[in-house]
Each structure stands twice: as structure tokens, then as C-alpha cells.
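Undergrad: Just the structure for this:
(one chain, ligands or ions: 1)
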Amino acid sequence: MTLEEYLAARRKQVDRTLDENLSPPDTPPSVIHQAMRYAVLGGGKRIRPILAIAAAEACGAQIEPLLVVCSALELIHTYSLVHDDLPALDNDDLRRGRKTTHVVYGEAIGILVGDALLTEAFAWLARARNVRAIEIVAEAISSRGMIGGQVADLEGGSNLQQLEFIHMNKTAKLITASVTLGGLLADASQDRIAALQRYGETAGLAFQIVDDLLDQEQTSAELGKTAGKDAAQGKLTYPAVMGVAEARKRVDELLKMAVENADIIGGPVNYLAPIARYICERRS
Ligand code: GRG
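TA: Down below sits the predicted model:
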């Protein structure tokens, strides 16, 4: 299977899992369930659940029983996008090529959709009956992880160290938790879990540097979200701090480390290295 075929097949499985496990749109009160489905089912690369599935697969697991647990990561990611787009934060009206959830359903429902998705995610994660797996994900998105990164981003920064703190926490920790979750679900050895963590940290940081580069290189239509926001908001980004060429070089260095760790993990079906390349070479 080529990487494109692999990503398309896994995306289809994740989309089907999300559709089948989210409450039907007529569940009372229907507005919240319609809005949750609008937020989650409207596209997206599904990279976090795919990374968890790919990690579990590389460590020898059968993936079908793990789809619900891995898809919980997409609920968490979507909650962060819905809340990030709210007027109090980024105040954005375009996401995944469509109007943002609060623009369609109103701000109050936008807030509650995020809350409901986060809660639903932990109900799905609990199906793994694996307390360590739940703890790893919770820690990654806590005030010492994703939320902390978002707060540091709001406060702004002026140097590379602050920028790396924001990117590691806001983006890389959930990506690292995704691959670690896959390893834990597959009962992987400590050595493999450690390699998955290093893979997640390097591929996760590269993911956000590429996001910074795309924000200034691509159009809103190509990205499906508002482009050029970082510069407009005077945000600290990798290209702003070190220039485009150095930022690309840093992505290449991180990719090399991610691929080395993917190779350590091994396994007969291991798409982690090509997924890291895709993360670094993507155009949206
Ligand atoms: C506001 C709760 C809250 C958290 C804020 C993750 C985050 C932290 C905010 C979301 C906005 C943002 C710029 C996040 C950085 C991570 C990132 C690059 C998100 C976009 O992820 P993709 O490219 O999006 O995977 P798709 O649409 O493909 O799922």
C-alpha cells in the first residue's frame, strides 16, 4: 500500500468510527448533537488518530478493536479547534473550508460543543480499560500541555526558547500522546514506547513549524482556514524568528530524528516514517 492509499484507508475508518459513535443528530437536545457532528465530521486530515493507529499497527496490534479509542483523539483535537476559533480567542470564521461552529450555531453552543467533545473523548478513551493510556492523554492536553501552550501563546514571546515551549505544548504533546497511546494499546515494550515518544516530539514539533510556514506561504482557500494570521497578529513563529530557510532546515533535522525513531520501532507494517515525511511535506 502506498502512503496515500494507507492514509485514505485509515481516514475512512476514522470517519466511519466518528460517524457511528457520535450521538445521532436527533438526540435531544438536538442542537448540541447537530453542532458536535458539524464540528467533527466536516473534514480534517485525522492525523492524530491515524498516528495512534499506525503506532499500534507498527507494534503488532490488530487495529479494528482500537478504532473508537484512537478516534477519541480527533474529538479532543476538534474541541481545541472549536474553542480556539471562538471570539474570545482567535475569533475566526473559517475552518476546514467551512464556517466555524460558533458562526453557524452561536457562541454559547460553540463553547458547549467543545466541552461536550472533550467529555465524550474520555468516555471513548475509557473503553480501552487502560488507566495509563487515559493519564497520558489527559496530561498532554492539561495546563502543563496543550492548554499551557495556548496560554503561553496568548501571552506572546520574543525568543526561540519561548517559541519552542509554545509549539511543544500547544501541538507536539497531543501528537506525542497519540503515538504513545497507540503503543500502550498494543502493549509495546518500554524501548518501543520510548522511541514512539521521541518520534512524537520530533514529528510534532515539525508539524507546528510546517503549520507556521504554510500560514505565510499558502492561501486561505488552499488551507481551508484563514491564512496569514500569524503575521497579522504579530505572532512569534519559526519563520519570523529564524527565517524561512532556517525553519525549513529545522524541519529537515526533526524529520531525520523522527525517521530514526520510526526505524527503531520496526515492525512488519510500519508507516510512521512515511507519515513523518508527509507531515513535513504537506501543503495544507
Ligand atoms: C483553545 C482549548 C484550546 C486549545 C488551544 C490546539 C490549540 C490549542 C488550538 C488550535 C489552533 C492551533 C493553531 C493549533 C495548533 C495545532 C494545529 C496546527 C492545528 C491544526 O491541526 P490540523 O492541521 O487540522 O491537523 P485538521 O483540520 O487537518 O484537523
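Undergrad: Count the neighbours of residue 9 for me.
TA: Here the count is done by other CB atoms under 10 Å, and residue 9 has 12 residues near it. Heads up, the C-betas are built off the backbone N, CA and C, glycines and all.
Undergrad: ok, residue 193 - contacts?
TA: With contact set as CB atoms under 8 Å, 6 or more residues apart in numbering, residue 193 has these partners: 180, 183, 184.
Undergrad: Check which helix or strand it maps to.
TA: helix 190-217 (DSSP states H and E).
Undergrad: That helix near the ligand at all?
TA: Yes - part of helix 190-217 sits near the ligand under the criterion CB under 6 Å from any ligand atom, namely 208, 211.
Undergrad: which bits of the stretch 51-200 of the chain sit near the ligand?
TA: Counting by CB under 6 Å from any ligand atom, the residues of the stretch 51-200 of the chain that sit close to the ligand are 77, 80, 81, 83, 84, 89, 96, 146, 150, 170, 171.
Undergrad: How about the fifth one, nearest residue that isn't a chain neighbour?
TA: In other words, residue 84. Spatial nearest neighbour of residue 84, chain neighbours left out: residue 90 (5.2 Å); criterion: CB to CB, 6 or more residues apart in numbering.
Undergrad: helix/strand/coil for the one you found?
TA: Going by DSSP: H, G, I helix; E, B strand; the rest coil, the secondary structure assigned to residue 90 is coil.
Undergrad: One more: residue 135?
TA: Here residue 135 is recorded as helix under three-state DSSP.
Undergrad: I'd like to know how many residues surround it.
TA: Residue 135: 12 neighbours (other CB under 10 Å).
Undergrad: what separates it from residue 125, distance-wise?
TA: When CB to CB, to the nearest Å is applied, the distance between residue 135 and residue 125 equals 10 Å.
Undergrad: Just to be sure, which of the contacts of residue 193 are found in helices?
TA: In helices, defined here by DSSP state H, the members of the contacts of residue 193 are 180, 183, 184.
Undergrad: Among these, which one has the most neighbours?
TA: The most crowded member of these, judged by other CB under 10 Å, is residue 183 (28 neighbours).
Undergrad: Lowest mean pLDDT among the helices and strands, pick that one out for this structure.
TA: In the chain, no helix or strand scores lower on mean pLDDT, DSSP states H and E than helix 229-232, which sits at a mean of 79.
Undergrad: buried set for it?
TA: Residues of helix 229-232 classed as buried: residue 230 (neighbour count, 16 or more other CB atoms under 10 Å).
Undergrad: Off-centre distance for it?
TA: Mean C-alpha position of helix 229-232 versus that of the full chain (CA atoms, centre = their mean, to the nearest Å) differs by 21 Å.
Undergrad: which helices and strands does that helix pack with?
TA: The criterion is 3 or more CB pairs under 8 Å, 6 or more residues apart in numbering; DSSP states H and E, and the helices and strands that helix 229-232 contacts are helix 190-217.
Undergrad: which of the residues in the helix it packs on are buried?
TA: Of the residues in helix 190-217, those buried by neighbour count under the rule 16+ other CB under 10 Å are 192-216.
Undergrad: now swap in stretch 119-131 and tell me
TA: Going through stretch 119-131 with 16+ other CB under 10 Å, the ones that come out buried are 120, 121, 124, 125, 128, 130.
Undergrad: quick check, nearest of those residues to residue 239?
TA: Looking at the buried residues of stretch 119-131 and their distance to residue 239, the nearest is residue 121, at 32.3 Å (CB to CB).
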